[in-house]
Each structure stands twice: as structure tokens, then as C-alpha cells.
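Q: heads up, no residue letters with this:
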């Protein structure tokens, strides 16, 4: 029994969604049909591709081996459609980017809006997660991270450095204790990441500066909104400050951090012209966006 090519598309949807119902929703077919298509592919290949667990559908060893081949087939089909439609100069299909929520909320909307305007047949999906996106499970086609990975068949490209400073709202500073040096932080309400939910050492900004965090979140966007509402002060990306004009940098001469974003891709995807073109546009866009927003901060 020969495998049906379209069953690979169903297989990829289940691998990414980790459930039949969510895969069906994305494919616009009922979950029972998704299940039958997966079973048909497993029968054709002679190996189980998923293991059902309380957490959903997890890839078996055979599924892990198949997913890279299935993704390459998906990309090749997308490129073929572009060429046959006479749109080789534009991007089409769907590309999913995973990114930490600071980048996803404050940089990617502007960058992706411009890319989408230039490529009207392209669908861009932004996955904002307070953790590292798992490319081996094809949670995304590419990911942005604050630390380069050290293992796996991945390609890594440094995108841009960015800066962070302490910031507070004018309303908070009106009634807060004096704030002239880092030693004064002990008298202030400091906002930051939930310590046991920090997923990358590059985000551990406050462990040496604050003994306690009366208000904390695993999301930098929530932290910024707490600061906007005069709940306290915290460390904020300079590129996020233009979106919150009531929040200003404080202790700027005493404290500054520099971090970087990295674009992480499947090593195999470097052979795909479509993905290379998108990655180039994304990298150039992020560099421009960081520069523009930091100048405005």
C-alpha cells in the first residue's frame, strides 16, 4: 500500500497541534477524518507515528524520523504552487514563527505587517510563548530566541542586539521613595519574571538586584502593563517603551543591559529558497524595527 501524499499534510497538522480535534480545526475537517488519515498513513508505512497520552498525541520514533521529510515535502509543494501560479517573486502559503512574548508583541507585528503587505498570498502565524519553541516537533517553521541553541541540527543567525533599562511611570514616581541609585531599589516595589518560570538564563535580570518581587509575571507584556498602572518599577526592553509613553527609563546611568535575538531554523530548511527569502526579510525587518524603536524610546 502506497502512502497518500496528502496524508503527510494531515500528519504534520497532528504533530504540530498534538491533538486530532485541533488538527481538524486547522485543516477544516472533522477529527474522525483526521484519525482515519493518520491510521491510513501508519498502515502504508508499517509503523505507528503517534503515541496517545493524557497530554495528547506525541510523536513516536518513527514519527520523529518522518516529520522532517514531511515538512520538506510541504515546503517544496508551496514553492511549486508559487512558480506555477506565476508568483515566484512573492511568498505564499503559511509560515509560522515562534518567539518570546517581548519580541512577539513589540517587534514582530510591525515587521510581519510589512512582509504581509508585500506578499498578499502569504499567511504569517506568530506564536508567542514564554518558553523556547520546540522546532524538532515542528511547533514552528522558525523561532526567535535570546540564547543560541547548542545542540540539534539547527542553523543559527544573530539578528540584533537590544537594550533594557529600569523603567517606571510618572504616577508611580510621584509617591514612591527616592530613587537615585541601585541601593534604593530595596524601598521600591520591583516587578519582574516569576523566578521558577524563567526559561532562559538571559532573562534572569533581577536575581542579584531584588530580594523579593511583590508583583511578577512570566510575560514581559504583563510586566509592562503593571508598570504602566503604577504598580512598581521593572526592567523593560527599550524597544517596548514607545508603546507606553507614560513609562520612562530610570537609573539609566547606573544600570543597562544588552541582550540579543537569534533566528533559529531547521538545518534542512536552508535548502528551501522560499524559507531563505522569508528569513532574510524577517532579519532585515527586525534590525530596522529595533533601531527605530530604540531611537524613539
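A: Structure received. Note that this is a predicted model, so its numbers are computed, not measured.
Q: contacting residues for the closest residue in space to residue 212 that isn't next to it in sequence?
A: Leaving aside its sequence neighbours, residue 212 sits nearest to residue 190 (C-beta to C-beta, 6 or more residues apart in numbering; 7.8 Å). Just so you know, the C-beta spots here come from the backbone N, C-alpha and C atoms, and that holds for glycine as well. Applying C-beta atoms under 8 Å, 6 or more residues apart in numbering to residue 190 gives the contacts 206, 209-210, 212-214, 232-234.
Q: residue 190 and residue 30, how far apart?
A: 50 Å (C-beta to C-beta, to the nearest Å).
Q: how about the residue nearest the centre of the chain: what's its closest non-neighbour residue?
A: Closest to where the C-alpha atoms of the chain average out (C-alpha atoms, centre = their mean) is residue 99, at 1.4 Å. Nearest non-adjacent residue to residue 99, counting by C-beta to C-beta, 6+ apart: residue 144, 4.1 Å away.
Q: break this protein down into its structural domains.
A: For the chain, automatic domain parsing gives the domain ranges 1-88, 162-257.
Q: need those domains in TSV (columns: distance to residue 139 and mean pLDDT).
A: Shown next, in TSV, are the domains of the chain (distance: least, C-beta to C-beta, whole Å; pLDDT from 0 to 100):
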stretch	distance to residue 139	mean pLDDT
domain 1-88	6	83
domain 162-257	14	95
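Q: how about those domains in a markdown table, adding distance to residue 280?
A: As requested, those are exported to a markdown table (distance: least, C-beta to C-beta, whole Å):
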| stretch | distance to residue 280 |
| --- | --- |
| domain 1-88 | 15 |
| domain 162-257 | 20 |
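Q: longest strand of the protein?
A: Assignment by DSSP state E gives strand 154-169 as the longest strand of the chain.
Q: what comes up buried for that one?
A: 154, 159-160, 162, 164-169 (16 or more other C-beta atoms under 10 Å).
Q: quick one: which two of these are the most distant?
A: 154 and 169 (39.9 Å; C-beta to C-beta).
Q: thought residue 227 was touching residue 191?
A: Yes: counting by C-beta atoms under 8 Å, residue 227 touches residue 191, with 6.0 Å between them.
Q: overlap in contacts, the two.
A: Common neighbours of residue 227 and residue 191 (C-beta under 8 Å, 6+ apart) are 233-234.
Q: returning to what we had before: among the contacts of residue 190, the buried ones, what's the PyMOL command?
A: To isolate the buried subset of the contacts of residue 190 in PyMOL, counting by 16+ other C-beta under 10 Å, use the following:
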select buried, resi 206+210+213+232+233+234
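Q: now the contacts of residue 190 in a markdown table, with distance to residue 49 and secondary structure?
A: Listed next are the contacts of residue 190 as a markdown table, based on distance: C-beta to C-beta, whole Å; DSSP: H, G, I helix; E, B strand; the rest coil:
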| residue | distance to residue 49 | secondary structure |
| --- | --- | --- |
| 206 | 44 | coil |
| 209 | 48 | coil |
| 210 | 47 | coil |
| 212 | 48 | coil |
| 213 | 44 | coil |
| 214 | 48 | coil |
| 232 | 49 | coil |
| 233 | 50 | strand |
| 234 | 45 | strand |
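Q: nice, that's everything, thank you.
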